[in-house]
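> The following comprises the amino acid sequence and a computationally predicted model.
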Amino acid sequence: MARGGAALTDSLREAARSLLRARLRTILGLVGIAMGIASVIAMISTGEIATAEARKKFEAVGTDILSVLKSEDQPAAAQDAAIGLEDALDVADRLSTIAEAAPRIRSSGSFLYAGKDAGSGSVQGVSESFARVNRLQVAEGRFVSDLDRGRYFAVVGAEVAQKMRRLGASEVVGEIVGAGDWLYTVIGVLADTPESYALPFSVDANKSVFVPVTTVRRLSPDAQIELIVARVAPGVHYADAAADIQTFFAERSRGLAVQVTSAEQLIERMEAQLGVMTLLLGAVGSISLIVGGLGVMNVMLISVAERRREIGVRLALGASPGDIQSQFLVEALILTMGGGVVGILIGTGATYGLCRFFFEWDFFVSPTSIAAGVGVSSAIGLFFGFQPAYQASRLDPIIALQGE
């Protein structure tokens, strides 16, 4: 043990001296490895941060959301069937797996205030629960209530309210707004709501006017519910909730088939796709590692060629081929591990720069990328340093002592 430790110490000391004597080659080899490791760390970390940011967007609206649409592929008996309003309103009451559900009937139209154009957008017939399910915040007044059955009340989005103020409305609540072919009394104004693209449906709250769904059905009896947004009850798996919804509508509407999409399903698909993308990014970064490894091999081969006399003297004095081989392997490991440390620092800095100045993401460094950087740099040192080390250990002492 003592002799082994002393031999390793001597190898390390001699390796350091050798690398310092050839500073330029050492720096070039180190830079090649550092750039390769930095690329791998930056790409893997960026991929994992992108996955985390995408999940955060889903969690902002809730991972327990389900969207229910009428399926395009209907059985023959249900070709003319539609989602009934009463059925849609009863989903949460009838199914224990659903905490809350909100139907929507949507159309597009232009808005008028005081006879002037106030823009255009969506006119959405919704229930009281629509604001809770989609986490819409009311800045002034209140949202439509289930007690507003058939009433000509409206809640306007932030952009619609802003245009009304520009047209002279000092207090938006209480004013009359024209939406489509009808006039409504404004009972509420929504706070500014950024659109979330994480879900398979859009709310577009800022540019919309929300009215009671019963009012829309009264004015347009043939208008169909195009979407139900539901939240899964706590502790229930989304697949069980989806199956219950499909069975419920099939029983209530002559075999009507509905398509249920879960936020969790979308997250799983998204994370699988981003995981593949992260692997591809890591693979692309690994190409530069191979180039860096070839640089290390070149440095070590030149070192062997320049130190033939030294190798011959050591062999003549009794050094074994194993001692010579370990000497050059240690040099290769020091070179690549040093490059690995520098590469980790550069890769971390590059990842921070991308997060801070380009994407405005929360910064973190993937432990996987750090482990990969250390492991890969060690593996490169052994792999690309083995051939020069093996070549050095097999030199004939007499030929080596003859010089260059």
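That came in fine, so what should we check first?
> mind checking the SS state of A230?
Look at A230: counting by DSSP: H, G, I helix; E, B strand; the rest coil, its state is strand.
> Please apply the same query to G119.
G119 falls in the strand class when you classify it by three-state DSSP.
> which stretches of this protein aren't confidently modelled?
Under the criterion pLDDT under 70, the flagged ranges of the chain are 1-8, 60-61, 78, 197-198, 400-404.
> Wasn't V304 part of a strand?
No. V304: not assigned to a strand; according to three-state DSSP it is helix.
> Distance-wise, check the closest residue to S262 other than its chain neighbours relative to S288.
Closest residue to S262 apart from its sequence neighbours, by C-beta to C-beta, 6 or more residues apart in numbering: Y238 at 3.9 Å. Every residue, glycine included, has its C-beta placed from N, CA and C. Relative to S288, Y238 is positioned 42 Å away (C-beta to C-beta, to the nearest Å).
> what's the answer for L20, then?
According to C-beta to C-beta, L20 and S288 sit 26 Å apart.
> more crowded one of these two?
The residue with more neighbours, out of L20 and S288, is S288; 19 against 9, by other C-beta atoms under 10 Å.
> one step back: my understanding was that the residue nearest to S262 contacts Q265; is that so?
Yes. Using C-beta atoms under 8 Å, Y238 is in contact with Q265, at 6.9 Å.
> So between those two, which is more surrounded?
Per other C-beta under 10 Å, whichever of Y238 and Q265 has more neighbours is Y238, with 19 against 15.
> wait, what's in contact with that one?
Counting by C-beta atoms under 8 Å, 6 or more residues apart in numbering, Y238 touches 64, 66, 232, 262-265.
> try 10 Å
63-66, 97, 232, 260-265 (C-beta atoms under 10 Å, 6 or more residues apart in numbering).
> what do Y238 and Q265 both touch?
L66.
> on that earlier part again, now the residue nearest to S262: how far from R269?
13 Å.
> cool, and R314?
61 Å.
> More neighbours: these two, which one.
Neighbours per residue, other C-beta under 10 Å: of R314 and R269, the larger number sits with R314, 20 against 10.
> Would you mind putting the CA coordinates of the helix or strand where the more buried one lies into CSV?
Using DSSP states H and E, R314 sits within helix 308-316. Output in CSV follows, covering the C-alpha atoms of helix 308-316 (Å, rounded to 0.1, in the frame of the first residue of the first chain):
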residue,chain,number,x,y,z
ARG,A,308,11.9,8.7,-25.9
ARG,A,309,15.3,9.1,-24.2
GLU,A,310,13.6,9.7,-20.8
ILE,A,311,11.5,6.5,-21.3
GLY,A,312,14.6,4.5,-22.4
VAL,A,313,16.5,5.6,-19.3
ARG,A,314,13.7,4.7,-17.0
LEU,A,315,13.3,1.3,-18.6
ALA,A,316,17.0,0.7,-18.4
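> buried ones in it?
308, 310-312, 314-315 (16 or more other C-beta atoms under 10 Å).
> Give the bridge partners for V229, please.
Counting by DSSP bridges, V229 is bridged to S67, A102.
> Tell me how many other residues crowd it.
22.
> okay but it is in contact with S129, surely?
Yes. Here V229 reaches S129: they are 8.7 Å apart, a contact under C-beta atoms under 10 Å.
> what residues are shared contacts of the two?
Joint contacts of V229 and S129 (C-beta under 10 Å, 6+ apart) are 100-103.
> which one of these is nearest S110?
Closest approach between those and S110, by C-beta to C-beta: P103, at 24.3 Å.
> which residues touch the closest one?
Contacts of P103 (C-beta under 10 Å, 6+ apart): 68, 83-89, 91, 125-127, 129-130, 213, 217, 225-230.
> Can you tell me the closest non-neighbouring residue to I245?
Closest to I245 by C-beta to C-beta, 6+ apart is V260, at 5.4 Å.
> Also A223?
I105 (4.9 Å).
> how does this protein divide into domains?
12-58+268-401, 100-228 (automatic domain parsing).
> Phi and psi next, for the residue nearest to L315 when sequence neighbours are not counted.
By the measure of C-beta to C-beta, 6+ apart, the closest residue to L315 outside its immediate chain neighbours is P397, 4.0 Å from it. Torsion angles at P397 (phi, psi; degrees, to the nearest 10) stand at phi -60, psi -40.
> cool, Q224 as well?
According to degrees, to the nearest 10, Q224 has phi -110, psi 150.
> That one reaches L69, doesn't it?
No. If you go by C-beta under 10 Å, Q224 and L69 don't touch, sitting 11.0 Å apart.
> The stretch 251-400 of the chain: strands as residue ranges?
Under the criterion DSSP state E, counting those that start in this stretch, strands of the stretch 251-400 of the chain are mapped to 258-262.
> mind listing what S208 touches?
S208 neighbours (C-beta under 10 Å, 6+ apart): 106, 108, 111, 121-124, 126, 154-160, 179, 190, 193, 202.
> let's see it at 7 Å
121-122, 124, 157 (C-beta atoms under 7 Å, 6 or more residues apart in numbering).
> could you check the distance from it over to I225?
Relative to I225, and taking C-beta to C-beta, S208 is found at 16 Å.
> For E128, grab the count of nearby residues.
16.
> helix or strand for the residue positioned nearest the centre of the chain, which one?
The chain has T51 as the residue nearest its centroid, 2.1 Å off, counting by C-alpha atoms, centre = their mean. T51 belongs to helix 23-61 when assigned by DSSP H and E.
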